[in-house]
Each structure stands twice: as structure tokens, then as C-alpha cells.
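>>> fold the following for me, if possible:
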Amino acid sequence: MKKNSLDRQAIQNLFTNIDNQFKIQLLSTNCFPLQYIPTSDELSSILNTFEKSNFNKKGAWTPCQEKLLNVVVFGVCLQNRILPHDLMIQDWERISRLIIHHNWKACRNRWLQEKQAKASWTLEEDQALIQLYNQHPNKWCDIAIELMKKCQTPYARQGKQCRDRWVNKLDPNIKKDPWTKEEELMLFQEVKKKGKRWAEISLQIFQLRRTENTIKNRYYNLIKQEQNKLKLSKMSNDEKEYFVMNKIIKELQEKVYQNQHNCLDDTNWKQIMSSNFKISEFSQQLCNIECLIMIKGRKLVKLNGTL
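Below you'll find the model as predicted:
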């Protein structure tokens, strides 16, 4: 078999020795656009169309590829007597070898794409994700597969969705305190220096305590707030953003300096006040002195009474 040729016999074998009871159960899940098992002629037609198609766009899915993907996933589920949400990585690897133009992750993600919904994450999913992350740190595809099995949701989550949920919401190291002026200044200085590399800024500047989304949102919110105060209609969007960014940096530098100066003033004042009332240690030669006095404000005060 050539490198890019279909294993037609392997695909046809998926639909032999079918368990009719499981077939009915599988079709009832509504996970497939198929209403019945394709006949031999229909399967040959699908394979012929696939082989004649042009796949110049690397990574792009064509309608005939998607049709074959659905057929192969359906066949693998039938042969293994397994529901699609319970397919393991090795099952998807087998599917990808039959599709030939895409790896297992691309096949799985494409098949799941239509099954996904923009549904809010539930408490059950969040708890399951935390548990699975502790078992399989950063193995997002594995986590996504296990999450579907554990929660039995009517929709699917991709590995990227699981990662985004963890990184932006569930990671216990995330800092949720209000932004300080020092943090905002570091953010804007880094964007001016290296550009909008949110992941890099999150890692190198904030040690992942501030998430990529939080950093990006903070930057654009401050930019928008400042732009609304100014009239910059004669500038391009890039020129406006650059002008406003420099203005924000200058203002933040002044505020940070003022805060630091005020803190130093408070510290120095406390030191001065405490030194005014500090009682020095006296040597034994002063023991015979009848009284000691000190200056408190504008008054002379004895240590044992007021003058």
C-alpha cells in the first residue's frame, strides 16, 4: 500500500459481523449524521470520491474527508462495541491511519467540533478537571477524554478548552487581587519592549500568577479607558494605541514614584518621632544627679514630673 493510499479493505471490514442490537443503540445516540450502515456500493463511492479529491491545503478538512471521518468513526465504534465518547487514544490513532491525511488529534477534534456547545462549565466539570489535572498534569487530550467519560455530558470538551479553563480559572496559583500600579507599569513596559506576547509576559513577568487572558484584558481595558478621554481621530489605530500606551506608562511611573515617596516619608517621620522620645542609656557616673529633664514639643519635662 502506498503512503497516501487508502486501506479500502480495512475500512470495509469495519462493517462486517455487526452486532445489530449495538448498532441500534449507537444510531440512537444521534452522534452521527448516518441513519443506517452504508451499503457496499455507497462505501465504495465515498472511498472513490476521497481518492480523487485534491488535498493541497495542508491541515484543511474537505467535505469528503469529513464524510469519510464520520463513516470510519462509526465503523470503529461498531466493531469495538464502544460508544464514541469512550474512544481511547489508540482508537483515534487507528482512525487517523485510515483517514491518512490527519493525525489522531486532528481527527478527534474535527469529529468533536460539531458536538461541542458553548455551554458554561458546571461545578461537576470543574471538580473533575481539578482531579484529572492532578492525575495527568498538562496532558490535556487525555484529560479531555477522561472528562467526557467522568461527567457524561451531552457535549464534548477539547483539550484546549480544558487547558484554558485550568489556566484562567481553576489553577490555585492564580492571583485574583486587584491590580496594583506597579503591576500595570510592568505590564505596559513589557508590551512596549516585546509586544503583545501574553503567554510570555504571564510566565516571565508575573510567574503565571496573572493569567494570559487577565493580562490581555487589563491592557486593553486601560487603553480603551484612556482613548475615551482623548480626541485622537486624526491618528491611525496603531498610532493611537502607541500614543496612549506611552501616556499610560508616564502616568503610572509618576504614581508609582509618588507612592514610594509617600511610603518613605511615612517611614522617616515615624523614625524621627520615635528618636525624639528615645531615652539614652546613662553611665553610672550620672546616678547622683538630682533630676533629669527632656524637651517634649516646646515644654521642659522632668522625668519625675512637669516643670
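>>> and the helices in the protein?
8-13, 20-28, 40-52, 63-80, 89-99, 104-113, 123-135, 140-151, 159-165, 181-194, 198-204, 212-229, 237-276 (DSSP state H).
>>> for these, which one sits closest to Asp171?
helix 123-135 (8.7 Å; C-beta to C-beta). For every residue, glycine as well, the C-beta is placed using N, CA and C.
>>> mind pulling up the pLDDT for Phe277?
According to the prediction, Phe277 has pLDDT 40.
>>> also the one 3 residues further on?
Predicted confidence (pLDDT) for Ser280: 42.
>>> give me the neighbour count for Glu251.
Neighbours of Glu251 under the rule other C-beta atoms under 10 Å: 15.
>>> rewinding a little: so which of the helices of the chain gets nearest Asn173?
helix 198-204 (11.3 Å).
>>> helices or strands next to the closest one in the packing?
helix 181-194, helix 212-229 (3 or more C-beta pairs under 8 Å, 6 or more residues apart in numbering; DSSP states H and E).
>>> deepest-packed of those, please.
The highest average neighbour count among the helices and strands packed on helix 198-204, using mean count of other C-beta atoms under 10 Å, belongs to helix 181-194 at a mean of 17.
>>> where does the stretch 51-200 of the chain have low pLDDT?
54-59, 114-119, 154-155 (pLDDT under 70).
>>> next, format the helices and strands packed on helix 198-204 as CSV and append distance to Val71.
What follows is the helices and strands packed on helix 198-204, written out as CSV (distance: least, C-beta to C-beta, whole Å):
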stretch, distance to Val71
helix 181-194, 47
helix 212-229, 38
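>>> contacting residues around Lys224?
Lys224 sits next to no residue when contact means C-beta atoms under 8 Å, 6 or more residues apart in numbering.
>>> can you list the low-confidence ranges for the stretch 201-307 of the chain?
For the stretch 201-307 of the chain, the ranges with pLDDT under 70 are 232, 263-307.
>>> if you set the cut-off to 80 instead, what comes out?
208, 231-235, 259-307 (pLDDT under 80).
>>> coming back round to it: can you say which of the helices and strands packed on helix 198-204 is nearest to Ser120?
helix 212-229 (16.1 Å).
>>> how distant is that closest one from the center of its chain?
Taking C-alpha atoms, centre = their mean, to the nearest Å, one finds helix 212-229 lying 18 Å from the centre of the chain it belongs to.
>>> do the same with stretch 84-97
26 Å.
>>> alpha carbons of it, as PDB, please.
Written as PDB, here are the backbone C-alpha positions of stretch 84-97 (Å, rounded to 0.1, in the frame of the first residue of the first chain):
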ATOM      1  CA  PRO A  84     -17.900   7.400  20.600                       C
ATOM      2  CA  HIS A  85     -17.300   9.300  23.900                       C
ATOM      3  CA  ASP A  86     -15.500   6.200  25.200                       C
ATOM      4  CA  LEU A  87     -13.000   6.000  22.300                       C
ATOM      5  CA  MET A  88      -9.400   5.900  23.700                       C
ATOM      6  CA  ILE A  89      -6.300   7.500  22.100                       C
ATOM      7  CA  GLN A  90      -5.300   4.200  20.500                       C
ATOM      8  CA  ASP A  91      -8.800   4.100  18.800                       C
ATOM      9  CA  TRP A  92      -8.300   7.600  17.400                       C
ATOM     10  CA  GLU A  93      -4.800   6.600  16.200                       C
ATOM     11  CA  ARG A  94      -6.300   3.700  14.300                       C
ATOM     12  CA  ILE A  95      -8.900   6.100  12.800                       C
ATOM     13  CA  SER A  96      -6.200   8.500  11.700                       C
ATOM     14  CA  ARG A  97      -4.300   5.800  10.000                       C
END
